[in-house]
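Enquirer: here are the coordinates; sequence isn't available:
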């Protein structure tokens, strides 16, 4: 507890003059960033993602993350804004949020028994200096073969409707996973270690 308190105090002292905004409505991203001890606020970007853009998957997530950050940055001065976007990639096929049970079911059927990637794009913008940076992180997930009954049970839970790929790595889909290669937090939607590296470039971080 004492170590956590001191870490939070160091962040507070270092960043007391900077406002930091996470441009995301994701509760998971908010929870992950909170672990860093960095004081921040949350603001929805309102940006409408278009998976039909003619961009490669890794370019696409960087584009979405940057556009989300830009949308929020336009409302602030002297603020560091963080944007993030996550997709699941199987071969060349991109899986975003299914939104419907039918699409969620179809995604899980395709991902069953596969090795696929969870890719997150990160963007950081300093509205004071107009400096910005982007980065991607990739986590590889191996699914065992999932039975039809398991898929139906999970679809009925509704958990994956608003998750890239139709599933939550840390939730009810955990029994489907045989192996994770890379940062598990990236699989949840925010690669914290990578983000902290980027934030240091903006003078945000522990002393």
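Expert: Good, I have the coordinates. Since this is a predicted model, take the numbers as computed values, not measurements.

Enquirer: average model confidence for stretch 153-162?
Expert: Mean pLDDT, computed over stretch 153-162, is 96.

Enquirer: And that stretch, how far out from the chain middle?
Expert: Offset of stretch 153-162 from its chain centre (CA atoms, centre = their mean, to the nearest Å): 19 Å.

Enquirer: The chain should start at 29 in everything you say after this.
Expert: Sounds good: first residue 29 from here, last item stretch 181-190.

Enquirer: Could you pull out the buried residues of it?
Expert: 182-183, 187-188 (16 or more other CB atoms under 10 Å). Where C-beta positions appear, they are placed from N, C-alpha and C, glycine not excepted.

Enquirer: which SS class is residue 233?
Expert: Secondary structure state of residue 233, per DSSP: H, G, I helix; E, B strand; the rest coil, is coil.

Enquirer: ok, it touching residue 224?
Expert: Yes. Contact criterion CB atoms under 8 Å: residue 233 and residue 224 qualify, at 6.1 Å.

Enquirer: ok, so what distance separates the nearest residue to residue 79 once chain neighbours are set aside from residue 73?
Expert: The shortest distance from residue 79 to any non-neighbouring residue, by CB to CB, 6 or more residues apart in numbering, is to residue 124 (5.3 Å). Between residue 124 and residue 73 the computed distance is 15 Å (CB to CB, to the nearest Å).

Enquirer: pretty sure residue 64 is touching residue 220, no?
Expert: Yes. Using CB under 8 Å, residue 64 is in contact with residue 220, at 6.3 Å.

Enquirer: In terms of packing, which of these two has more residues around it?
Expert: Applying other CB atoms under 10 Å to residue 64 and residue 220 shows that residue 64 carries more neighbours, namely 20 against 17.

Enquirer: Confirm that that one sits in a helix.
Expert: No. Residue 64: not assigned to a helix; according to three-state DSSP it is coil.

Enquirer: per-residue confidence for it?
Expert: In this model, residue 64 is scored at 93, pLDDT.

Enquirer: Likewise for residue 35?
Expert: Looking at residue 35, its pLDDT is 48.

Enquirer: again, but for residue 32
Expert: 52.
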